[in-house]
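Novice: fold the following, please.
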Amino acid sequence: MKIVVFSDNHRDREVVGRILLLNPDADRILSLGDSEMREDELSALGIYGVKGNYPFEPDFPDELTTVFEGWKTFIAHGHRYGVKNGLYWLSERARAEECDMALFGHTHTPFLEERDGIVFLNPGSAARPRSGSGGTYAVIEASESELKIAIRDVDANKALHTLSKRKGRTPSWR
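Specialist: Got it, this is the predicted structure:
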(Lines give C-alpha, C1' and ligand atoms only; values in the text may rest on other atoms or scores of the structure.)
Protein backbone atom coordinates (compact mmCIF):
# COMPACT_ATOMS: atom_id res chain seq x y z
CA MET A 1 0.00 0.00 0.00
CA LYS A 2 1.34 3.42 -0.98
CA ILE A 3 0.41 6.28 1.34
CA VAL A 4 1.28 9.87 0.41
CA VAL A 5 1.50 12.27 3.36
CA PHE A 6 1.76 16.05 3.31
CA SER A 7 1.25 18.87 5.78
CA ASP A 8 1.17 22.63 6.10
CA ASN A 9 0.44 23.58 2.50
CA HIS A 10 -1.44 26.70 3.74
CA ARG A 11 -3.87 27.11 0.81
CA ASP A 12 -1.23 26.34 -1.81
CA ARG A 13 -3.36 24.19 -4.12
CA GLU A 14 -0.63 24.08 -6.76
CA VAL A 15 1.77 22.20 -4.50
CA VAL A 16 -0.96 19.70 -3.58
CA GLY A 17 -1.66 19.17 -7.28
CA ARG A 18 2.03 18.60 -7.96
CA ILE A 19 2.28 15.99 -5.18
CA LEU A 20 -0.77 14.19 -6.59
CA LEU A 21 0.65 14.26 -10.14
CA LEU A 22 3.92 12.78 -8.87
CA ASN A 23 2.05 9.94 -7.15
CA PRO A 24 -0.86 8.77 -9.36
CA ASP A 25 -0.56 5.26 -7.90
CA ALA A 26 -1.17 6.34 -4.28
CA ASP A 27 -3.65 4.17 -2.39
CA ARG A 28 -4.19 6.80 0.32
CA ILE A 29 -3.45 10.51 0.55
CA LEU A 30 -3.24 12.15 3.97
CA SER A 31 -3.19 15.78 4.99
CA LEU A 32 -1.73 16.34 8.44
CA GLY A 33 -3.40 19.71 8.79
CA ASP A 34 -2.97 23.38 8.04
CA SER A 35 -4.13 22.83 4.48
CA GLU A 36 -6.57 25.74 4.79
CA MET A 37 -8.53 24.13 1.95
CA ARG A 38 -12.23 23.29 2.00
CA GLU A 39 -13.21 19.77 3.00
CA ASP A 40 -15.07 19.21 -0.29
CA GLU A 41 -11.92 20.21 -2.25
CA LEU A 42 -9.75 17.76 -0.32
CA SER A 43 -12.35 14.99 -0.46
CA ALA A 44 -12.80 15.44 -4.23
CA LEU A 45 -9.05 14.81 -4.57
CA GLY A 46 -9.27 11.68 -2.42
CA ILE A 47 -7.49 13.36 0.50
CA TYR A 48 -8.47 12.81 4.09
CA GLY A 49 -6.70 13.50 7.35
CA VAL A 50 -6.78 15.81 10.35
CA LYS A 51 -7.30 19.50 10.88
CA GLY A 52 -4.52 21.79 11.95
CA ASN A 53 -4.46 24.89 14.12
CA TYR A 54 -5.48 27.46 11.48
CA PRO A 55 -9.06 28.80 11.53
CA PHE A 56 -9.79 27.85 7.89
CA GLU A 57 -9.47 24.11 8.33
CA PRO A 58 -11.76 21.44 6.86
CA ASP A 59 -14.23 19.60 9.06
CA PHE A 60 -11.77 16.78 9.64
CA PRO A 61 -11.15 15.27 13.08
CA ASP A 62 -8.41 16.61 15.35
CA GLU A 63 -6.72 13.19 15.35
CA LEU A 64 -7.13 9.69 13.96
CA THR A 65 -5.92 6.22 14.78
CA THR A 66 -5.97 3.80 11.86
CA VAL A 67 -4.20 0.71 10.54
CA PHE A 68 -2.27 0.47 7.27
CA GLU A 69 -1.39 -3.12 6.34
CA GLY A 70 -1.12 -4.13 9.99
CA TRP A 71 0.79 -1.00 11.13
CA LYS A 72 -1.27 0.88 13.72
CA THR A 73 -0.87 4.59 13.12
CA PHE A 74 -1.69 7.68 15.17
CA ILE A 75 -2.29 10.84 13.10
CA ALA A 76 -2.42 14.40 14.47
CA HIS A 77 -1.31 17.85 13.38
CA GLY A 78 0.88 18.04 16.48
CA HIS A 79 0.09 21.43 18.00
CA ARG A 80 -1.96 19.82 20.80
CA TYR A 81 1.07 17.66 21.67
CA GLY A 82 3.66 20.44 21.82
CA VAL A 83 5.77 18.97 18.99
CA LYS A 84 7.71 22.22 18.57
CA ASN A 85 9.16 21.48 22.02
CA GLY A 86 9.82 17.77 21.53
CA LEU A 87 7.98 14.50 21.05
CA TYR A 88 7.29 13.50 24.65
CA TRP A 89 3.50 14.02 24.65
CA LEU A 90 3.04 12.66 21.13
CA SER A 91 5.12 9.64 22.08
CA GLU A 92 3.04 9.07 25.21
CA ARG A 93 -0.17 9.19 23.17
CA ALA A 94 1.15 6.86 20.45
CA ARG A 95 2.37 4.44 23.12
CA ALA A 96 -1.01 4.55 24.92
CA GLU A 97 -2.71 3.72 21.60
CA GLU A 98 -0.14 0.91 21.03
CA CYS A 99 0.83 2.42 17.69
CA ASP A 100 3.67 1.50 15.36
CA MET A 101 3.76 4.96 13.76
CA ALA A 102 2.92 8.54 14.70
CA LEU A 103 2.39 11.02 11.87
CA PHE A 104 2.42 14.75 12.61
CA GLY A 105 3.04 18.17 11.05
CA HIS A 106 3.02 21.69 12.54
CA THR A 107 6.79 22.29 12.76
CA HIS A 108 7.27 22.79 8.98
CA THR A 109 10.47 20.74 9.36
CA PRO A 110 10.82 17.15 8.09
CA PHE A 111 11.50 14.51 10.72
CA LEU A 112 11.83 10.73 10.37
CA GLU A 113 13.06 8.61 13.25
CA GLU A 114 12.30 5.46 15.22
CA ARG A 115 12.16 5.81 19.01
CA ASP A 116 11.36 2.94 21.33
CA GLY A 117 9.68 0.94 18.57
CA ILE A 118 7.54 3.80 17.21
CA VAL A 119 8.29 5.47 13.88
CA PHE A 120 7.75 9.24 14.02
CA LEU A 121 7.16 10.98 10.71
CA ASN A 122 6.73 14.66 10.00
CA PRO A 123 6.73 15.23 6.22
CA GLY A 124 7.71 18.88 6.73
CA SER A 125 5.81 21.63 4.94
CA ALA A 126 4.73 21.19 1.35
CA ALA A 127 4.63 24.97 0.79
CA ARG A 128 6.30 26.86 3.64
CA PRO A 129 9.37 24.91 4.77
CA ARG A 130 11.49 26.07 7.69
CA SER A 131 14.33 23.66 7.01
CA GLY A 132 16.18 25.88 4.54
CA SER A 133 15.30 23.71 1.55
CA GLY A 134 12.21 23.45 -0.64
CA GLY A 135 8.84 21.95 0.18
CA THR A 136 8.68 18.32 1.27
CA TYR A 137 6.19 15.48 1.61
CA ALA A 138 6.44 11.78 2.46
CA VAL A 139 5.68 8.44 0.86
CA ILE A 140 5.03 5.38 2.99
CA GLU A 141 5.16 1.95 1.35
CA ALA A 142 3.48 -0.42 3.82
CA SER A 143 3.17 -4.19 3.63
CA GLU A 144 2.25 -6.63 6.39
CA SER A 145 5.94 -7.22 7.09
CA GLU A 146 7.74 -3.98 6.21
CA LEU A 147 7.56 -0.19 6.15
CA LYS A 148 9.60 1.86 3.70
CA ILE A 149 9.32 5.60 4.25
CA ALA A 150 10.85 8.44 2.25
CA ILE A 151 10.66 12.16 2.81
CA ARG A 152 10.78 13.64 -0.67
CA ASP A 153 11.55 17.05 -2.13
CA VAL A 154 8.45 18.41 -3.91
CA ASP A 155 10.38 20.03 -6.79
CA ALA A 156 13.01 17.38 -7.55
CA ASN A 157 10.87 14.49 -6.24
CA LYS A 158 14.00 12.88 -4.84
CA ALA A 159 14.29 11.16 -1.47
CA LEU A 160 15.94 13.30 1.21
CA HIS A 161 15.53 10.92 4.17
CA THR A 162 14.56 7.27 4.24
CA LEU A 163 13.76 4.64 6.84
CA SER A 164 12.95 0.94 6.52
CA LYS A 165 11.52 -1.17 9.29
CA ARG A 166 10.51 -4.80 9.37
CA LYS A 167 7.96 -6.09 11.88
CA GLY A 168 9.73 -6.97 15.09
CA ARG A 169 13.14 -5.62 14.01
CA THR A 170 15.16 -2.49 14.54
CA PRO A 171 14.79 -0.05 11.63
CA SER A 172 17.53 0.87 9.19
CA TRP A 173 17.87 4.37 7.85
CA ARG A 174 20.25 6.41 5.78
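
Novice: may I ask which helix or strand of this structure has the lowest mean pLDDT?
Specialist: Within the chain, no helix or strand scores below strand 172-173, which has a mean of 50 by mean pLDDT, DSSP states H and E.

Novice: surely Asp34 is in contact with Pro58?
Specialist: No: counting by C-beta atoms under 8 Å, Pro58 is not a contact partner of Asp34; they are 10.7 Å apart. To be clear about C-beta, it is placed using only N, CA and C from the backbone, and glycine gets the same treatment.

Novice: could you list the low-pLDDT ranges of the protein?
Specialist: Along the chain, segments meeting pLDDT under 70 span 169-174.

Novice: quick one, strands of it?
Specialist: 2-6, 28-31, 47-49, 63-68, 71-76, 101-103, 110-115, 118-123, 136-142, 146-153, 159-166, 172-173 (DSSP state E).

Novice: helices or strands up against the second one?
Specialist: The one in question is strand 28-31. Using 3 or more C-beta pairs under 8 Å, 6 or more residues apart in numbering; DSSP states H and E, the elements in contact with strand 28-31 are strand 2-6, strand 47-49.

Novice: and Asp34 and Pro58? which has more neighbours close in?
Specialist: Using other C-beta atoms under 10 Å, the more surrounded residue of Asp34 and Pro58 is Asp34, with 28 against 21.

Novice: any idea how far that one lies from Ser164?
Specialist: 28 Å (C-beta to C-beta, to the nearest Å).

Novice: now Asp153
Specialist: 19 Å.

Novice: then His108?
Specialist: When His108 is compared with Ser164 (using C-beta to C-beta), they lie 25 Å apart.

Novice: pick out whichever of those two has more residues nearby.
Specialist: Higher neighbour count among His108 and Ser164: His108, with 21 against 15, using other C-beta under 10 Å.
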